[in-house]
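J.: any chance you can model this:
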Amino acid sequence: MQRSALVVGASGIGGRHAARELLAHGWTVYGLARRPPTDLPGLIPVAADLLDQAGLAQALSAQLEDAAPTHVFITTWMRQDSEAENIRVNALLVRNLLDALAPRKSLRHVALVTGLKHYLGPFEAYASSGTLPDTPLRESQPRLPLENFYYAQEDEVYAAAERDRFTWTIHRPHSIIGMAVGNAMNMGTTLAVYASICKETGRPFRFPGSEAQWNGISDVTDARILARQLRWAADTDAARNEAFNITNGDYFRWSWLWRRLAAWFGVQAAGFDGTIRPLEAEMANDRDLWREISARYRLAEPELDRLASAWHTDLDLGRPIEVMTDMANSRRLGFCAWQSTEDSFFDLFAALRAERLIP
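T.: Purely as a prediction, here's the structure:
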């Protein structure tokens, strides 16, 4: 059957790689964002603001023309100052989108990408005392008794699915490692920029997080493995109406990986020394320095905040527990893709250098 995809958040880490994966497998792909990418051959851009209901409907009508997407992949969110506002805004963007598409009566499947905050709690109570989940994290674990915008987004999808009779899947990655500029949650690029600054200044490449993260077992999600699971779920009848964790499928300890990341950049690794040393504070005064580095090496992006999201890296690496993710739900249904985490980081670093985003 002919399939056409609307990838929402096509300029972000998850959306960009999802679009590339679908295009590589013969899908017709529309990429929706406020500023959709123009460098993905075959991608049909749709410029729209999901919070502008009238403008969104007009953009979909004009830019999709007579096309009616059969599949929607929602990979975006908008960070707000409180969880209450996160809930209001991020539920609204999902509702506006699905309401705007409903009259076309074309949707067969909607995939929503959220994350491990489903189990760990929202930013305001991130893995806080009293709400720590059992690990490995499993899809069968109940929702926390906390407000969480992921839950609100899921509920919007469930309500629209019942109304419009499409199927759905929920995908919960850990920290996504992949190429994107201007992304709010971007650990891999943040660490690459931090290591580049350390190399230029002679500062040690200091682990910013907790003892539990330094010594505990962890995992991450390569954007390419997320994209493969999204496509697999869209093509697999048994995957319908299920939630899936998605990580690379291997495990590591930061005490091992941190030294290997440092070696790639040729900088001195400094591990956990008994004190959490937030990266946000470490890089707080580096904006002008990054502009100097950018000018010196003729880099493509001189604004530090467009590349690094230290606040999010601190949240992930500062957790008071180790975080590992169970993949049994998709494994038992046939999704067996695997990705080396070391290669996830090294491939990203090489791509950042090739695109002149780091020296």
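J.: quick one, strands of the stretch 151-300 of the chain?
T.: 167-173, 176-177, 205-206, 217-218, 221-222, 242-246, 252-253, 269-270 (DSSP state E, counting those that start in this stretch).
J.: from the ones you listed, which stretch is densest packed?
T.: Per residue and on average, the most neighbours among the strands of the stretch 151-300 of the chain fall to strand 221-222, with a mean of 29 (mean count of other CB atoms under 10 Å). In this view, the C-beta of every residue, glycine as well, is placed from N, C-alpha and C.
J.: what is the neighbour count of residue 51?
T.: 14 (other CB atoms under 10 Å).
J.: isn't it right up against residue 95?
T.: No. Using CB atoms under 8 Å, residue 51 is not in contact with residue 95; the gap is 10.5 Å.
J.: how about low-confidence regions in this protein?
T.: 1, 65-67, 123-124, 126-131 (pLDDT under 70).
J.: which among the strands of the stretch 151-300 of the chain is found nearest to residue 290?
T.: strand 205-206 (16.0 Å; CB to CB).
J.: do I have it right that residue 241 meets residue 170?
T.: No. Counting by CB under 8 Å, residue 241 does not reach residue 170; the two are 9.4 Å apart.
J.: hang on, the earlier thing: kindly reformat the strands of the stretch 151-300 of the chain as a markdown table containing distance to residue 11.
T.: Shown next, in a markdown table, are the strands of the stretch 151-300 of the chain (distance: least, CB to CB, whole Å):
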| stretch | distance to residue 11 |
| --- | --- |
| strand 167-173 | 17 |
| strand 176-177 | 14 |
| strand 205-206 | 29 |
| strand 217-218 | 28 |
| strand 221-222 | 18 |
| strand 242-246 | 20 |
| strand 252-253 | 29 |
| strand 269-270 | 33 |
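J.: among these, which is nearest residue 24?
T.: Across the strands of the stretch 151-300 of the chain, closest to residue 24 is strand 221-222 (CB to CB), at 15.7 Å.
J.: in its sheet, what does the closest one sit against?
T.: If you go by DSSP bridges, strand 221-222 pairs up with strand 176-177 (parallel).
J.: show me the contact partners of the helix or strand harbouring residue 58.
T.: For residue 58, the host element (DSSP states H and E) is helix 53-63. Residues from elsewhere that reach helix 53-63, judged by CB atoms under 8 Å, 6 or more residues apart in numbering: 30, 44-50, 96-97, 99-101.
J.: just stretch 26-46 next, same as before
T.: By CB under 8 Å, 6+ apart, stretch 26-46 touches 2-12, 15-16, 19-20, 22-23, 47-50, 59-60, 63-64, 67, 69, 76.
J.: the helices in the stretch 201-350 of the chain, which residues?
T.: Ranges of helices in the stretch 201-350 of the chain, per DSSP state H, counting those that start in this stretch, are 211-215, 223-235, 254-265, 279-282, 287-297, 304-307, 310-317, 328-331, 341-354.
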